[in-house]
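Colleague: Can you look at this prediction? I've put the sequence above it.
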Amino acid sequence: MKDIRLFLVIYTLFLSTSFAETFTWKPGSENAFKELDALEYNSDPLTEILLERELAGEFINVPEGSFLIGGLKDQGNSPIKQRYRVTIKAFELGKYEVTKGQFAAFVEATGYQTEAEKSVGGRLGCYGVIAFSRKSAYVPGTSWRDSGFSQGADNPVVCVSWNDAQAYIEWLNSRSKKNYRLPTESEWEYAARAGSESQFSFSGSDHDLCGYGNVFDKKAGSVNRGKYPVPCNDGNMFTAPVGSYKPNSWGLHDMHGNVWEWTEDCRNYSYWRPPHDGSAWKDGDCSDAMKRGGSWYDGVLGVRLDTRGWGSRDQRHKYNGFRLARDN
């Protein structure tokens with residue numbers, strides 16, 4: 001049976017003009033690892049490609065260019081007043097956030113335990129809002145496996161720390177011989193903007209946000225502590241399947257909301273003497289890391305393109321996930 005399946009894969013490749021046209025990645029395929037493992041991928045380069053495509057997902061080519069990072073002129077209440085020009089080299093960024101199904105395949109292959117499962121730092125479980133209570137706390141027993149709300153395999157993985165994301169990337173790199181990584185903070189904003197010079201990646205107002213991302217909308221008040229909702233409905237109370245909303249003009253989905261996305265950078269409160277070449281900021285407080293994009297738990301201010309978040313590298317929230325980048 002194994003030989004028949006392998007033959008069919010190779011035959012299909014011969015009939016197609018390119019591998020990319022042959023293999024279409026489906027976000028959150030829970031059985032991907034088992035199916036590919038059956039093909040003995042340790043000794044099969046072709047299956048290594050299949051494995052990589054399943055666990056890394058689709059990527060968008062981000063062109064080189066420069067932009068002004070920070071609060072823009074039309075954003076009088078911007079949390080970041082400083083602006084500076086940064087030049088970005090061409091790179092690739094994940095079309096979607098890493099899914100629960102992809103992370104499950106990693107855990108199954110390695111036996112990895114997340115920091116929420118190990119209660120690192122003496123904090124039990126994962127932190128987040130407790131449904132219908134308007135309170136937030138670390139909840140014992142919660143983790144990426146069960147965050148306290150329903151998630152399918154195609155939802156973004158949550159309750160993962162910066163360290164957990166790095167463990168996933170390290171394993172993926174060891175199997176693929178590629179250079180997967182987290183995006184830098186400036187790479188993330190450059191890609192999210194896709195040429196936009198407003199607070200959003202699209203042409204419109206906050207009333208249009210629900211077409212582009214999963215945010216704290218009008219129906220979410222029962223699980224939030226009095227934040228101002230976005231004046232629209234996005235159809236999801238908690239996380240949404242990746243790719244549920246319209247992409248930005250470069251084809252990237254969920255750059256507004258769904259989950260905060262870890263970046264490679266150390267925490268710096270201001271943009272004082274940052275790297276101007278798009279690289280990660282490696283000084284500052286490196287016990288913390290920066291994150292971008294906002295989440296299902298955030299209103300307009302939290303999901304704006306210039307909004308910056310941060311947390312300790314072992315922080316695991318129901319709002320935190322990650323997206324992969326890789327060099328061309």
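Modeller: That came through, no problem. Numbers count the residues shown, from 1 in each chain.
Colleague: Just confirm residue 265 contacts residue 281, I think it does.
Modeller: Yes. Assessed by Cβ atoms under 8 Å, residue 265 is found in contact with residue 281 at 4.3 Å. To be clear about C-beta, it is placed using only N, CA and C from the backbone, and glycine gets the same treatment.
Colleague: Looking at these two, which is more packed in?
Modeller: residue 265 (29 against 20; other Cβ atoms under 10 Å).
Colleague: in its sheet, what does the helix or strand hosting the more buried one sit against?
Modeller: Using DSSP states H and E, residue 265 falls within strand 260-267. Applying DSSP bridges, strand 260-267 is found paired with strand 285-292 (antiparallel), strand 320-321 (parallel).
Colleague: List the contacts of it.
Modeller: Residues from elsewhere that reach strand 260-267 (Cβ atoms under 8 Å, 6 or more residues apart in numbering): 97, 162, 165, 181-185, 187-188, 280-286, 288-295, 309-310, 317, 319-323.
Colleague: next one: that strand to chain centre, how far?
Modeller: For strand 260-267, the separation from the chain centroid amounts to 11 Å (computed by Cα atoms, centre = their mean, to the nearest Å).
Colleague: Same check on stretch 235-245?
Modeller: Relative to its chain's centre, stretch 235-245 lies at 13 Å (Cα atoms, centre = their mean).
Colleague: what comes up buried for it?
Modeller: 236-245 (16 or more other Cβ atoms under 10 Å).
Colleague: Restricting to C-alpha, output that stretch in CSV.
Modeller: Extracted C-alpha coordinates of stretch 235-245, given in CSV (Å, rounded to 0.1, in the frame of the first residue of the first chain):
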residue,chain,number,x,y,z
GLY,A,235,-19.1,36.0,13.3
ASN,A,236,-16.7,34.5,15.9
MET,A,237,-16.6,34.9,19.7
PHE,A,238,-13.2,33.4,20.2
THR,A,239,-10.6,32.3,17.6
ALA,A,240,-11.6,31.8,13.9
PRO,A,241,-10.2,29.2,11.4
VAL,A,242,-7.2,30.8,9.7
GLY,A,243,-8.0,32.4,6.4
SER,A,244,-11.7,33.1,7.3
TYR,A,245,-11.4,36.8,6.4
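Colleague: on that earlier part again, return the closest of the buried residues of stretch 235-245 with respect to residue 69.
Modeller: Lowest distance from residue 69 to the buried residues of stretch 235-245 (Cβ to Cβ) belongs to residue 245, with 24.0 Å.
Colleague: Restricted to helices, list the contacts of strand 260-267.
Modeller: 162, 165, 185, 187-188 (DSSP state H).
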